[in-house]
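Undergrad: Make a model of this:
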Amino acid sequence: MASLEKLLVISSDDKDNPSDSNSDFSVTLKESYYTQNVLRVLVKEVTIPNVFPNIRGSAYGSNQNNTLVIRDNIDRTITLPEGQYLINSSNPLLDFTTILQNAINAVSISTWVVTYNELTNKIEFEVTAGVPVLVYSNAPPFGNANSNMAETLGITSNIQILVGNTESTQEQLDLSGIQNVYVHSKEIADTHGIDGDSGLIALVDPVNLSNAPYGSYAYKQENDDELASIVYEDVRNLSRLRIILRDNLGNKLPIGTHKMNIVLKIYLASG
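TA: Purely as a prediction, here's the structure:
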């Protein structure tokens with residue numbers, strides 16, 4: 001069977017409903033004839049904005065990491081504003097340890113000093129006055145399920161701090177943020193990917209953000225046709241598509257008014 005080849009450009013600008021999310025949208029293609037009877041798809045290019053902060057709120061589902069639970073005389077929850085934080089910034093509005101220290105001292109009956117050890121890349125907690133305190137990990141059976149910032153801080157088990165003492169997190173601080181995102185589409189790539197937690201997923205293409213600074217765009221060009229190829233058992237109609245951007249945990253990722261674009265090479269059955 002012979003085939004025709006076309007380039008298919010999919011953009012969040014072309015979504016059917018203008019009020020839909022730019023990272024979860026449907027597109028009905030104006031060209032319907034050449035998007036039917038598709039035999040195979042090659043992913044050629046993907047452009048994704050890196051607008052995912054290293055401290056994330058509830059919009060990120062199970063990838064939220066902006067709350068820390070401590071205990072002095074009772075359990076207390078510290079919530080940081082969602083944002084892109086820096087270490088040892090001269091700007092107190094951006095400096096992670098300054099903001100974390102102020103947030104803890106605003107709710108605790110003890111007085112805390114939070115510092116960053118440049119040699120070990122670990123956070124250190126000092127309690128200078130008050131009562132002994134506990135910083136919860138997020139790990140069962142003794143952690144606290146709401147202490148979702150613990151892993152980001154490098155806390156793998158609860159930290160007990162006596163008055164006058166300084167204790168370090170067990171592991172290194174990780175403010176790298178989300179490093180990989182995944183374009184999903186049931187119409188394009190139903191069961192094309194396999195996830196360790198979820199099984200078969202509709203994975204079109206992964207995109208690495210490590211070379212895209214926060215606030216910029218990540219661009220991926222596929223040069224390996226074998227890796228980028230999606231082959232269908234039967235011909236498929238791609239005239240209407242839904243595109244979703246997810247993280248490695250399957251959470252939908254918000255990109256606000258930023259745009260995302262995908263270019264596919266489609267192979268059509270011609271008879």
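Undergrad: Between the two ends of stretch 216-229, how far is it?
TA: One end of stretch 216-229 to the other measures 27 Å (C-alpha to C-alpha, to the nearest Å).
Undergrad: buried ones in that stretch?
TA: Within stretch 216-229, the residues scored as buried using 16 or more other C-beta atoms under 10 Å are 217, 218, 220, 222, 228. C-beta here means a position set from N, CA and C on the backbone, and glycine is covered the same way.
Undergrad: got it, and stretch 158-174?
TA: For stretch 158-174, by 16+ other C-beta under 10 Å, it's 158, 159, 161, 167, 169, 173.
Undergrad: And stretch 185-198, by the same measure?
TA: Buried positions in stretch 185-198, judged by neighbour count with 16+ other C-beta under 10 Å: 185, 187, 188, 189, 190, 192, 193.
Undergrad: so, if you compare these, which one comes nearest to residue 5?
TA: Relative to residue 5, the closest of the buried residues of stretch 185-198 is residue 188; by C-beta to C-beta it sits at 16.2 Å.
Undergrad: Check which helices and strands the strand or helix carrying the closest one sits against.
TA: With elements taken from DSSP states H and E, the one containing residue 188 is helix 186-189. Under the contact criterion of 3 or more C-beta pairs under 8 Å, 6 or more residues apart in numbering; DSSP states H and E, helix 186-189 touches strand 203-208, strand 229-236, strand 240-246.
Undergrad: what is the mean pLDDT for the longest one?
TA: When you say that, I think you mean strand 229-236. For strand 229-236, the mean pLDDT works out to 92.
Undergrad: Next: stretch 98-114.
TA: Here the average pLDDT along stretch 98-114 is 98.
Undergrad: can you give me how far it is from the chain middle?
TA: Relative to its chain's centre, stretch 98-114 lies at 27 Å (C-alpha atoms, centre = their mean, to the nearest Å).
Undergrad: how long is it from one end to the other?
TA: The separation between the terminal residues of stretch 98-114, taken as C-alpha to C-alpha, is 7 Å.
Undergrad: What of stretch 29-41?
TA: 16 Å.
Undergrad: Can I get the worst-scoring helix or strand of the chain on mean pLDDT as CSV, trimmed to CA atoms?
TA: When each helix and strand of the chain is scored by mean pLDDT, DSSP states H and E, helix 225-228 comes last, with a mean of 84. Once non-C-alpha atoms are left out, helix 225-228 reads as follows in CSV (Å, rounded to 0.1, in the frame of the first residue of the first chain):
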residue,chain,number,x,y,z
ASP,A,225,13.0,8.2,13.1
GLU,A,226,12.9,4.9,14.9
LEU,A,227,12.5,6.4,18.4
ALA,A,228,10.0,9.1,17.2
